[in-house]
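Trainee: Quick one, what's the 3D model for this:
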Amino acid sequence: MDFMNNNAPDKLDSRLSYLFHLISARFFQIGNRHFRHFGLNHYSARMMVMLLDNGEMKTGDLVARMALPQSTISTQLQVLHKRKLITRKRSEQDNRSVMVFLTKEGHDLAVDCNRLSQTVQNYLISHFEQEELEQNVHFLEKINGLLAELENQNLYQFRNIEKETGKPA
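Mentor: Residues are numbered from 1 along each chain as shown. Below is the predicted model of the structure:
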């Protein structure tokens with residue numbers, strides 16, 4: 001496919017966004033198959049591994065690192081808190097910030113989640129040469145940065161359904 005000259009087929013299957021969707025869905029399926037037995041999903045497991053790596057995190061930092069809405073993170077944290085996998089407390093430095101910590105049970109489960117993630121990582125990287133892997137990681141980091149630039153931009157003006165039909169969208 002000639003992506004550079006915009007001659008790529010206009011089919012969904014050839015778009016980067018769709019390929020990333022497929023990859024993300026496969027990661028979710030692999031993880032959720034293992035996590036569901038513990039009442040977790042991919043998001044909550046990922047947050048627990050972040051807490052394992054960092055020891056403690058502000059809720060706002062989890063929102064930024066996960067690139068998900070505050071409401072999604074809050075819902076996930078509520079579930080983890082009810083299951084006694086995390087504790088939350090106000091930051092001593094800034095009363096507006098809530099700090100999140102793993103409990104002992106949460107730590108043990110986060111270790112398992114991390115090992116699953118490492119197992120998938122090891123399987124994937126075993127199929128690449130070092131140079132190819134470095135190029136692909138650079139590509140993914142660049143895509144992530146470019147998408148971050150687009151995140152809050154109005155890129156396309158959808159037609160006004162209400163104006164066309166007289167019914168609210």
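Trainee: where does this protein dip in pLDDT?
Mentor: Along the chain, segments meeting pLDDT under 70 span 1-9, 91, 161, 166, 168-169.
Trainee: for this structure, what spans make up the strands?
Mentor: 56-58, 86-90, 98-102 (DSSP state E).
Trainee: now, of those, which is deepest in the fold?
Mentor: Counting by mean count of other C-beta atoms under 10 Å, strand 98-102 has the highest mean neighbour count of the strands of the chain, with a mean of 19. Quick note: C-beta positions are derived from backbone N, CA and C, even for glycine.
Trainee: partners of it in the sheet?
Mentor: strand 56-58 (antiparallel), strand 86-90 (antiparallel) (DSSP bridges).
Trainee: Leu150: which of those strands is closest?
Mentor: strand 56-58 (25.8 Å; C-beta to C-beta).
Trainee: ok, now how distant is the residue nearest the centre of the chain from Arg83?
Mentor: Nearest residue to the geometric centre of the chain (C-alpha atoms, centre = their mean): Met66, 4.9 Å. In this structure, Met66 and Arg83 are 18 Å apart, going by C-beta to C-beta, to the nearest Å.
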